[in-house]
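Enquirer: Fold the following, please.
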Amino acid sequence: MRVNELKIQVDLKKERIKRQRSIVEEDGAVIMEANQDDQQVMMNKSTNWHHQIKTSKNSSTEIDVRIMEDEVIVKLVQQKQILKGMNCLLLVSKALDELQLDLQHVAGGLIGDHYSYLLNSKICEGCTVYASVVANKVIEILDKEHAD
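Expert: Here you go, the predicted structure:
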């Protein structure tokens, strides 16, 4: 599970606990009082993020893009031998720049025979970005570079 998913799960659990406290017993029957505002907030929280996982044509690269409010999180996993002389971080940051995303933080590491990178960025004001568009753009640029 990702951090954002965990936050949503914690919020849902808090809501369930709050609703359990509002249970009223009358004549042996249990009646639950549902607050319509609470239900609307939980619906908004659960639909407020977008997620896309995409694999490149050569199956050596996997992109996981998550959008939560104005934040875009890109996880890039590539096989070690694919990166011969290729600086994928430069290419990915260029793709994010073309999509008008402000790169905030980059982390990476080698796990087994795969490089794993995590890029956090903010959506610039007035821009609309979809997870599928980000994933497709990054895969397109990496596949094009790999083909050359």
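Enquirer: what does stretch 91-111 rub up against?
Expert: 72, 74, 76, 80, 89, 115-124, 127, 129, 133-134, 137-138, 141-142, 145 (Cβ atoms under 8 Å, 6 or more residues apart in numbering). The C-beta positions use only the backbone N, C-alpha and C, and glycine is treated the same way.
Enquirer: So which of these sit within strands?
Expert: Val72, Val74, Leu76, Tyr115, Ser116, Tyr117, Leu118, Leu119, Asn120, Ser121, Lys122, Ile123 (DSSP state E).
Enquirer: Which residue comes closest to the first one once chain neighbours are left out?
Expert: In other words, Val72. The shortest distance from Val72 to any residue other than its chain neighbours is 4.8 Å, reached at Ser121 (Cβ to Cβ, 6 or more residues apart in numbering).
Enquirer: Met68 and Ala95: what is the separation?
Expert: 20 Å (Cβ to Cβ, to the nearest Å).
Enquirer: on that earlier part again, of the contacts of stretch 91-111, buried ones?
Expert: The neighbour count (16 or more other Cβ atoms under 10 Å) marks 72, 74, 76, 115, 117, 119, 121, 123, 129, 134, 137-138, 141-142 as buried among those.
Enquirer: Looking at the residues you listed, which gets the smallest pLDDT?
Expert: Across those, the member with the lowest pLDDT is Leu142, scoring 83.
Enquirer: Residue ranges of each domain in this structure, please.
Expert: Listed by automatic domain parsing, the domain ranges of the chain are 3-47, 50-147.
Enquirer: I'd like to check which residues are in contact with the closest residue to Leu76 other than its chain neighbours.
Expert: Distances taken as Cβ to Cβ, 6+ apart put Tyr117 closest to Leu76, at 4.4 Å, once the chain neighbours are dropped. Residues near Tyr117 by Cβ under 8 Å, 6+ apart: Val74, Lys75, Leu76, Val77, Cys88, Leu89, Val92, Val106, Ala107, Gly108.
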